[in-house]
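> I would like to see how this sequence folds:
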Amino acid sequence: MKRYLMLMLLNLVQLICVAQQNLDKEKLLELYQSQRYAEAASYLKSVYPAETTDVKALQQIAYCHMMAGQLVEAEKNYLKINEFSPNQLPVLFSLANINSRRGNHRNAATFLNQIIAIDTNNFNAYKRLADYTDSLALKVKYLQIANKINPTEADVAYDLAAAYRKSELYDAAYATLKTAIAADTGHFVLQQALLPIANSLKKYSEVTVIGEKLLANDSDAKVMIDVAKAYFYLKNYQKAIALYQKIEAMDMQNEATLYFSTLCYRALKNYNMAAKYAKLTITEGISRNTAAYYNLLGDVYQENGQFTLAANAFKKALSFDVNKGSYYRLAILYDLKLKQSKNAISYYQLYLGRKDLQKDDEATVEYVKNRLQALRKK
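Next up is the predicted model:
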């Protein structure tokens, strides 16, 4: 690729030198070879007047600016070229690339659509258009056209299969990947993408065969998850558990892997382990922030004068996470709002018994101790 670009540059230099005898060819080549593109652009602009209509010179200047990261100047010169000599695909691609690098995907898509209007079978234009849309339907449309033009290109096949999978079109996703894999049987990324889709189509034996080959190359947790799931449905519970244990050792377990571990142990009638993993599944399925959310709900109820509802919310928070905050909230609520001294004393004591009290809690601890003394005197 680099050799091709250098040959292209050399060709442009020769063309410019023929058109402009004042150009120092050796100096320009030295600037290119040392990748001093900003200096090359400045040099070219010193030779050619700002109002030049020489398309070849403008192409060279625009290219140098783009390679130097001077995107504003690059765009300005490519737009000039497009004005003097419209509908050149390399120029339109360059303008699309510049806008993409600047984050202006709408403009990039505009230039790519101009390319498609000129060349309806331009694979690269459709491929890139798929990256610039948030519409799943439009993304699928562009990828389908690109895939039809070149069904063995891996990146498009991968993206199209992912889009199909998101739409639960598993047969289409499977067929797309199988075609690309047939053209490159050593493409592990495509094979890995095939596993969850094949599982969805109940092609469990295929998943285990491909998956084991992938795992021989790399112990990837995502592959293990897919293969373990296939082994579960094939009723090979021991192999499934062995993989789930490896996933845990990598600290990559999740609610689904723990759930399937539970099912495996239950199928093997190992009820102690099944119970253990059922509990782990429940814990994994609960957000770590659930207690905080219930405390927030309790605060809202309390501020709205709904004290019984507030107490229930704070108690619910404690069922997810035993914490000092919930104890303190309940104590204050029972003490100052519901006027239930016995309950208030109980929760104040639970608060003081917390081992996670820190220096920042000293003022609160002192207040709680004073309130306990006051309540006990009643």
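> need the helices for the stretch 201-350 of the chain, in chain order.
204-217, 221-233, 237-249, 255-267, 271-285, 290-303, 307-320, 324-332, 341-352 (DSSP state H, counting those that start in this stretch).
> which strands and helices lie in contact with the longest one?
Judged by 3 or more CB pairs under 8 Å, 6 or more residues apart in numbering; DSSP states H and E, helix 271-285 is in contact with helix 255-267. Heads up, the C-betas are built off the backbone N, CA and C, glycines and all.
> which parts of the helix it packs on are buried?
Thr257, Leu258, Tyr259, Phe260, Ser261, Thr262, Leu263, Cys264, Tyr265, Arg266 (16 or more other CB atoms under 10 Å).
> which residues sit against that helix?
With contacts defined as CB atoms under 8 Å, 6 or more residues apart in numbering, helix 255-267 is touched by 225, 228-229, 232, 235, 237, 240-241, 244, 247-248, 271, 273-274, 277-278, 280-281, 284-285.
> looking at the helices of the stretch 201-350 of the chain, which is closest to Tyr32?
Among the helices of the stretch 201-350 of the chain, the nearest to Tyr32 by CB to CB is helix 204-217 (41.1 Å).
> give me the contact list for that closest one.
Contacts with helix 204-217, where a contact means CB under 8 Å, 6+ apart, come from 188, 191-192, 194-195, 198-199, 220, 223-224, 226-227, 229-231, 233-234.
> could you redo the last one with a cut-off of 10 Å?
174, 181, 186, 188-189, 191-192, 194-199, 201, 203, 220, 222-236, 239, 243, 246 (CB atoms under 10 Å, 6 or more residues apart in numbering).
> what do you get for stretch 341-353?
For stretch 341-353, the external contacting residues (CB under 10 Å, 6+ apart) are 311, 314-315, 318, 322-338, 340, 357, 361, 364-365, 367-369, 371-372, 374-376, 378.
> and Leu95, what does it touch?
Here Leu95 is in contact with 62, 66, 74-75, 78-79, 81-82, 107-108, 110-112, 114-115 (CB under 10 Å, 6+ apart).
> can you pull the buried residues of the helix or strand Glu30 falls within?
According to DSSP states H and E, Glu30 maps onto helix 25-33. Buried residues in helix 25-33, defined by neighbour count with 16+ other CB under 10 Å: Leu28, Leu31, Tyr32.
> from the contact counts, what lies against it?
helix 2-19, helix 37-47, helix 55-67 (3 or more CB pairs under 10 Å, 6 or more residues apart in numbering; DSSP states H and E).
> and the last one, which residues are buried?
Buried residues in helix 55-67, defined by neighbour count with 16+ other CB under 10 Å: Lys56, Ala57, Leu58, Gln59, Gln60, Ile61, Ala62, Tyr63, Cys64, His65, Met66, Met67.
> again, but for the shortest one
Along helix 37-47, these residues count as buried under the neighbour rule (16+ other CB under 10 Å): Tyr37, Ala38, Glu39, Ala40, Ala41, Tyr43, Leu44, Lys45.
> now for Asp172: which residues touch it?
No Asp there; residue 172 is Ala. Residues near Ala172 by CB under 10 Å, 6+ apart: Val140, Gln144, Leu160, Ala161, Ala163, Tyr164, Arg165, Ile197.
> let's see 7 Å
Counting by CB atoms under 7 Å, 6 or more residues apart in numbering, Ala172 touches Tyr164.
> give me the element it is part of.
helix 170-183.
> can you name the next helix or strand after that helix?
Downstream of helix 170-183, the next assigned helix or strand under DSSP H and E is helix 188-200.
> quick one: contacts of that following helix?
So helix 188-200 is contacted by 154, 157-158, 161, 165, 170, 173-174, 177, 180-181, 206-207, 210-211, 214, 217, 222-223, 226, 229-230 (CB under 7 Å, 6+ apart).
> give me the buried subset of these.
Buried, going by 16+ other CB under 10 Å: 154, 157-158, 161, 165, 170, 173-174, 177, 180-181, 206-207, 210-211, 214, 223, 226, 229-230, out of the contacts of helix 188-200.
> related to what we said a few turns ago, what's the least confident stretch among the helices and strands packed on helix 25-33?
Comparing mean pLDDT over these, the weakest stretch is helix 2-19, at a mean of 50.
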